[in-house]
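Peer 1: Here is my input, please return the structure:
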Amino acid sequence: MKHFPFFKKKHIEEESRKIRANDPESNALNNFAGNEVSTARYNLATFLPKNLFEQFHRLANAYFLFLVCLQLIPQISSLPPYTTIVPLCFVLILTAIKDAVDDFGRHKSDKEVNNRETQVIYQNDIVYRKWKEIQVGDMIQLSNDEFVTADIFIISTSEPNGLCYIETAELDGETNLKARQSLEETQGIGDDVDDLSNFNGEIECEPANNNLNKFQGNLTWNNKTYPLKNENVLLRGTRLRNTQWVVGIVCYAGSDTKLMKNTNKPSFKRSHIDRLLDKIIIGILIFLVLLCATMSICCIFWESNVGYYFRSYLPWESYISNNKTKGSIQLGLLVFLSYVITLSAVVPISLYVSIEFVRLLQSKWIDWDINMYYEPNNVPAHVKTTTLNEELGQIQYIFSDKTGTLTQNIMTFKKCSIQGKLYGYVMDNNGNEIQDPNKLESIELNDQDKDFVWYDKTLLDDIEKDDENVHKFFTLLSLCHTVMPEKRDGKIFYQAQSPDENALVSAARSFGFAFQNRTQSSITIKIKDKEETYNLLNILDFTNERQRMSVIVEKDNVIYLYCKGGDTKIKERLNDSQKDIMKQTDEHLNNFANESLRTLCLAWKQLDKSQYDQWATKLNTAKVRSKLPRTRTRTLNPNPNPKPEPEPVPEPEPEPEPELYTSMEERDEKVAEMYEEIEQDLILLGATAIEDKLQDGVPQCIERLTRAGIKIWVLTGDKIETAYNIGLSCRLLTNEMEIKTIEENDEESVKAKLEDIRNSMIEKIEYLFNVNIDDRDKRLDWNQWNIDVLNFDKHRKKSSNDDIKIRSTKSVRFTTDDKSINEDDDDIHREPFEGFAILITGQALIHALSSDLCMKFLELATMCKAVICCRVTPMQKAQVVELVMKHENKITLAIGDGANDVSMIQKAHIGIGISGQEGRQAVLASDFSFGQFRYLERLLLIHGRLSYVRVSKFLRYFFYKNFAYTFCHFWFAFFSAYSAQSLYDPMFGALYNSLFSTFPIIILSIFDRDVNDYYSLNKPYLYTPGQTNRFFNKKILLKSIVHGILSSLVIYFISYLSLSHKTINGRIAEIDLQSFGFLIGTIIIIVVNLENALEIWYWTSYYHISLWLTIFIYFIFHLTLYSSFMIKIFKQNYTYVGVAKFILLDSNFWFILLLSSVTLLLPRFFNEFYRMRFNPNETDKARLNEKYRYEEKSAFIQHINVQKNILRKRLPRSSYAFAQQEGWGQLITSGKMKVQQIAFPRTSQDNNILLRKSRLSHHHHHNLTGTI
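Peer 2: Predicted coordinates:
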């Protein structure tokens, strides 16, 4: 059955699962999934029907199958079936081969995985079984470097404290080693086979799901219940590392494992052009029906008046009525179907295959672009979704993460505030901070952290004086974290989940508070060469909702709680006595944020022993006292007549017993409540400030993308002041912008703020641009006033009032009182003006995204050149993207580097993943990936723009040539009694799209370009045609169709009229249908290929070969096909013998060819010449500048000077927000983590200057690097 998938097991949805160790008979009753997996889509029995079924879901394929069915009816078809069968089979076979090759690889991989062997403990012995034979409840033993067979609960390990280490590269792409551990109660079993065989524990856990970071359940053993969590489980796909052995029980197998639950394909993304193409195909089909109906009506009239008398000569004479009117109508219906076949070429059968091939080859330019290769991390650009290339040339909105995307995500401890005292500033004699590192003397602190530089001796002095507050501050940093120490060559290396944690712990070590070691119940630090060991009682883990973490430790019978987190979260939990110190620390935090440093607050408190014991008891109860709902399965010995009295529902609330809750989510809520209870009345210690520098080239990239008409929204977890300074440093914001902030916390306040901002915008617009907005309730839109949002100066009112005061650009500023941007109220007419920008907090965004306010917020946000959302959650990022996609109908792009960016990457039209310091989750979820944000400008302005232009040319030409070919049939109908007689040789019709007119346009779509990389990057306005669909839209398509129809009209009637006046010996010469059809077809091939040549901008040897070889093949093919030799094959049915030779030797043919070509191509040539000479567009001007180098040299020199100045400047530093993966601290409670050393890349200087110098020196060759 399992190999014949027409019969499948009925899937029973479970509410929970109950597993008994070493009891296969009991587990078999639950029908759990086996461990055999299949990722293949087909097998030998299902490949053909299933693959054909899938292919015929495509409208075009189904349409041509319908045509084949019509052609099988001889009474209505004037064409043999092979004219459609051959190209259709070509398309189907090509697609089927590709699918078969892909699926064969999946079968091969499945077979290899399913036949792996693992050790199973069975009946007091260790036996080897194949993976596919493993069942839920089996007890298996894994060895070092072995892949985990299924999702297993860990019984025991070879390491102390029940630890084991795994690599999760197949799950999330991360190569860091992660730690897991067994329960302390089961670790004592060890690897004794007899004890393991006698283990009779019962596991009750949640149903199979796809959440990789969550597992909840209970183990009942020896009449005790123990809570299980994610740290007690090894998932299929992970690999055991640095651990001799692990023994565990299979909880989920095969398709139920979390790995397989996460193998579902992401939502299929289609480009805007693809969606438009579907509508176009439907429109053309409707047009085809109208054409056929027209021909049918004409046939009915002609048949009624003339054709009735010749009906006996028709092949269908016996099928229609002898009645004149009735027979004419019947004949008209048959002709309608015949014309559906004859005119079917208006829908190009090879379009989909050809465009997929073009996109595939276009994507290789991105993969091969050496200028998008990030050498320090060995990360090339990579295309994962080849169907979106041209979409890259139409982006209107970019949604970007900040940390690790705009910044390097390499953190350095720079400054701190301890009990209201600032450290990290070095002042000169005048009391001003010395910011130039060259004027400062660094202090060597630690041999192991040589890259850490510190200049302020004050902090070191206070450490030497044993300042109590400083001591507590760095003690907290060395204790409150989830960092794992790894000893190599006598040194301790810190491996942290996030660079921020690594920076904080490393800084503490540099100042003499070194984190040394940790176990499941202790943590050891060294203070001034003296080791101190704390009992680790609890870790209150970080979550996105909490935005903080805490540890509870004990030393010398004194219990301490140490907490670190975002300033707003810590502030809410401080003791009332901390208001003054918090106010002072707030000022320091704002100073840090204004320097673009990332900020974090630290707090602590001492716990009473009895208070802690009570709280710990409640916490353990919250973790253990859960009651999972039972699965709806059969129960043994059920009671058919239960008594009504003891019904469980009305049972009174238990007084002494803790509350039983019925879901894992409720257990999480209870645990969170306990965390909240203990994290109160904290004492503030201070704040840290960490530097996260911008990546190289980010300001220049953002500036170019903005000039290209792309609106950039930054979605970050930083506070609003930090986000503002980052916006300035990366040139997303400028001092000339009108910047609005939204920080309100309730819906009414947010609504009022939105109204105020809207009114302010209206006043500004009315004044600056001299417009009158009468209807103030109408949605604001720059287009309604014909204002170019990128070039405000073109529309600015030229005021004659000399007394208008030009305000200083410093009028936009942050204050420490209300932490918002203040503007002079009377300064609404400040100049210069570069547009609006909005900064909004996550709390305000909650209300702004509500159904009542979302459209108001969107209206204002779309009026801005930049939007920055601060303190946002991953879900809010996706909601913002969805809001713009749903209501604006704009092409969006999301870019990020971390797991918290995955939701918005998958939601946007195009998702970009940056391979950075936060793992590879974003890369795995993306459509395109590379190593640095600055490569985005090349991806969009070069590759995306060229792909859009090339695909647009491809589609315009494809429809043009097909209408030119098909409408010759239409004109011929008026001279063939509307009989649906085919004009061409059927073989020519079958090969027209696949051989005689396709190769040149494919080569053009791969190699053509208008300007080189330099102009593409430095003239961003060249990008705007894609945003407005200027090169391919319904209007442009209609022009191409009309062009094709007119071409067919000229070709047909020049040929017809020329031949109708040909005389031989004074008599009008007649020409047969075969010769006339060959003549028309030959002219079409020459004309459409030359029309394609007029489209090309950049002639290459590949295009020359494809163009002339196509024409050469056409003539050789027909000379061979129409030779006398072919009559031996086709016998008496072949009527084309000698036709090609006869036509090609006739001088009239060459005259008609020349006349038709000149008539069609010369006007097009002169039109292009006139436009280029007298009315050039921006692309034409750029091409002329490139060709004659009017401005390139001077512009390049100016560009180099600007680059040098930028490199000399000290950019503002980036900011810090608390970053850590959820759930990490839970495992530390009973163990430690060991991770491989991560090579953090050094900051690389931008080498584009050298590349451009080299490119300039060879510019006369017009070479492109990475792009053609």
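
Peer 1: What is the neighbour count of L1059?
Peer 2: Around L1059 there are 19 other residues, counting by other Cβ atoms under 10 Å. Every C-beta, even on glycine, is put in place using the N, C-alpha and C of the backbone.

Peer 1: tell me the SS of the closest residue to it other than its chain neighbours?
Peer 2: Excluding the flanking residues, the one nearest L1059 by Cβ to Cβ, 6 or more residues apart in numbering is I1071, at 5.3 Å. Secondary structure for I1071, judged by DSSP: H, G, I helix; E, B strand; the rest coil, is coil.

Peer 1: My guess is I1071 contacts Y1056. True?
Peer 2: No. Assessed by Cβ atoms under 8 Å, I1071 is found out of contact with Y1056, at 9.6 Å.

Peer 1: pLDDT at D692, what is it?
Peer 2: Here, the pLDDT recorded for D692 equals 78.

Peer 1: Name the helix or strand for it, please.
Peer 2: Using DSSP states H and E, D692 sits in strand 683-694.

Peer 1: domain parsing for this protein?
Peer 2: 32-112, 115-261, 277-353+948-1186, 410-631+660-688, 696-798+805-938 (automatic domain parsing).

Peer 1: Compare these and give me the one nearest V379.
Peer 2: Closest of the domains of the chain to V379 is domain 696-798+805-938, at 3.5 Å (criterion: Cβ to Cβ).

Peer 1: Give me the distance between the two termini of the closest one.
Peer 2: End-to-end distance of domain 696-798+805-938 (Cα to Cα, to the nearest Å): 14 Å.

Peer 1: what does stretch 1000-1013 give?
Peer 2: 24 Å.

Peer 1: Report the distance from that stretch to the chain centre.
Peer 2: Remark: stretch 1000-1013 is offset 26 Å from the chain centroid, using Cα atoms, centre = their mean, to the nearest Å.

Peer 1: backbone phi and psi for T599, please?
Peer 2: phi -110, psi 150 (degrees, to the nearest 10).

Peer 1: okay but it is in contact with F592, surely?
Peer 2: Yes. Using Cβ under 8 Å, T599 is in contact with F592, at 5.0 Å.

Peer 1: More neighbours: which of those two?
Peer 2: F592 (31 against 28).

Peer 1: Counting by contacts, list what the host helix or strand of the more buried one packs against.
Peer 2: Per DSSP H and E, F592 falls inside helix 579-594. Counting contacts by 3 or more Cβ pairs under 8 Å, 6 or more residues apart in numbering; DSSP states H and E, helix 579-594 packs against strand 407-418, helix 567-571, strand 598-607, strand 683-694, helix 720-729.

Peer 1: okay, the angle between it and strand 683-694?
Peer 2: 0 degrees (axes from the mean of the first three to the mean of the last three Cα atoms, to 10 degrees).

Peer 1: So for helix 579-594, what gets flagged as buried?
Peer 2: For helix 579-594, a neighbour-count test (16 or more other Cβ atoms under 10 Å) marks I581, M582, Q584, T585, D586, H588, L589, N590, N591, F592, A593, N594 as buried.

Peer 1: Distance to S1040 for those - can I get that in CSV?
Peer 2: Below are the buried residues of helix 579-594 laid out as CSV (distance: Cβ to Cβ, whole Å):
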residue, distance to S1040
I581, 72
M582, 68
Q584, 70
T585, 66
D586, 64
H588, 65
L589, 60
N590, 59
N591, 61
F592, 59
A593, 55
N594, 56
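
Peer 1: if I look at L589, how far off is L1004?
Peer 2: 58 Å (Cβ to Cβ, to the nearest Å).

Peer 1: Then R731?
Peer 2: Distance from R731 to L1004, by Cβ to Cβ: 37 Å.

Peer 1: Just the mean pLDDT for stretch 965-984, thanks.
Peer 2: pLDDT averaged over stretch 965-984 gives 90.

Peer 1: Contacts for it, please.
Peer 2: 76, 78-79, 291, 295-296, 298-299, 302, 306-307, 335, 338-339, 341-346, 989, 992, 1044-1045, 1048-1049, 1051-1053, 1056, 1073, 1076-1078, 1080-1081, 1084, 1088 (Cβ atoms under 8 Å, 6 or more residues apart in numbering).

Peer 1: again, only this time at 7 Å
Peer 2: Residues outside stretch 965-984 that contact it (Cβ atoms under 7 Å, 6 or more residues apart in numbering) are 78-79, 291, 295, 298-299, 302, 307, 335, 338-339, 342-343, 345-346, 992, 1044-1045, 1048-1049, 1051-1052, 1077, 1080-1081, 1084.

Peer 1: In helices, which of these appear?
Peer 2: 291, 295, 298-299, 302, 335, 338-339, 342, 1044-1045, 1048-1049, 1051-1052, 1077, 1080-1081, 1084 (DSSP state H).

Peer 1: and those residues, which are buried?
Peer 2: For the ones in helices among the contacts of stretch 965-984, buried by 16+ other Cβ under 10 Å: 291, 295, 298-299, 302, 335, 338-339, 342, 1044-1045, 1048, 1051-1052, 1077, 1080-1081, 1084.

Peer 1: Which parts of the strand or helix carrying I97 count as buried, going by neighbours?
Peer 2: Assigned by DSSP H and E, I97 belongs to helix 82-114. Within helix 82-114, the residues scored as buried using 16+ other Cβ under 10 Å are 82-88, 90-92, 95-96, 99, 103, 110, 113-114.

Peer 1: burial measure for the closest residue to E755 other than its chain neighbours, as a count.
Peer 2: Once flanking residues are discounted, E755 sits nearest to K856: 7.8 Å by Cβ to Cβ, 6+ apart. K856: 17 surrounding residues under other Cβ under 10 Å.

Peer 1: Which helix or which strand is home to K856?
Peer 2: helix 854-862.

Peer 1: Tell me what angle the next helix or strand after that helix forms with helix 854-862.
Peer 2: Proceeding N to C from helix 854-862, the next assigned helix or strand is strand 864-870, under DSSP H and E. Orientation check (the same axes, to 10 degrees): strand 864-870 against helix 854-862 gives 120 degrees.

Peer 1: Using CSV, write out every CA atom in the helix holding K856.
Peer 2: Extracted as CSV, the C-alpha positions of helix 854-862 are listed here (Å, rounded to 0.1, in the frame of the first residue of the first chain):
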residue,chain,number,x,y,z
CYS,A,854,-4.4,51.6,9.5
MET,A,855,-5.6,53.6,6.5
LYS,A,856,-4.9,56.9,8.2
PHE,A,857,-1.4,55.7,9.1
LEU,A,858,-0.8,54.4,5.6
GLU,A,859,-1.9,57.6,4.0
LEU,A,860,0.7,59.6,6.0
ALA,A,861,3.4,57.0,5.7
THR,A,862,3.1,56.8,1.9
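
Peer 1: Could you give the average pLDDT over it?
Peer 2: 90.

Peer 1: ok, now how distant is V340 from F928?
Peer 2: From V340 to F928 the distance is 42 Å (Cβ to Cβ).

Peer 1: Looking at those two, which is more packed in?
Peer 2: F928 (27 against 24).

Peer 1: Quickly list what that one is bridged to.
Peer 2: V383, I912 (DSSP bridges).

Peer 1: That one: what's it in contact with?
Peer 2: Counted by Cβ under 7 Å, 6+ apart, F928 has contacts V383, K384, I912, L939.

Peer 1: how near is the closest residue to V379 other than its chain neighbours to G898?
Peer 2: What sits nearest to V379 in space, not counting adjacent residues and going by Cβ to Cβ, 6+ apart, is G931, at 3.5 Å. As defined by Cβ to Cβ, G931 lies at a distance of 15 Å from G898.

Peer 1: Same question for R106.
Peer 2: 30 Å.

Peer 1: show me where pLDDT drops low in the stretch 1151-1268 of the chain?
Peer 2: The stretch 1151-1268 of the chain contains residues with pLDDT under 70 at 1188-1268.

Peer 1: for the spatially most central residue of the chain, what are its contacts?
Peer 2: For the chain, the residue nearest the mean C-alpha position is G911 (1.8 Å; Cα atoms, centre = their mean). G911 makes contacts with A894, I905, A925, S926, D927, as judged by Cβ under 7 Å, 6+ apart.
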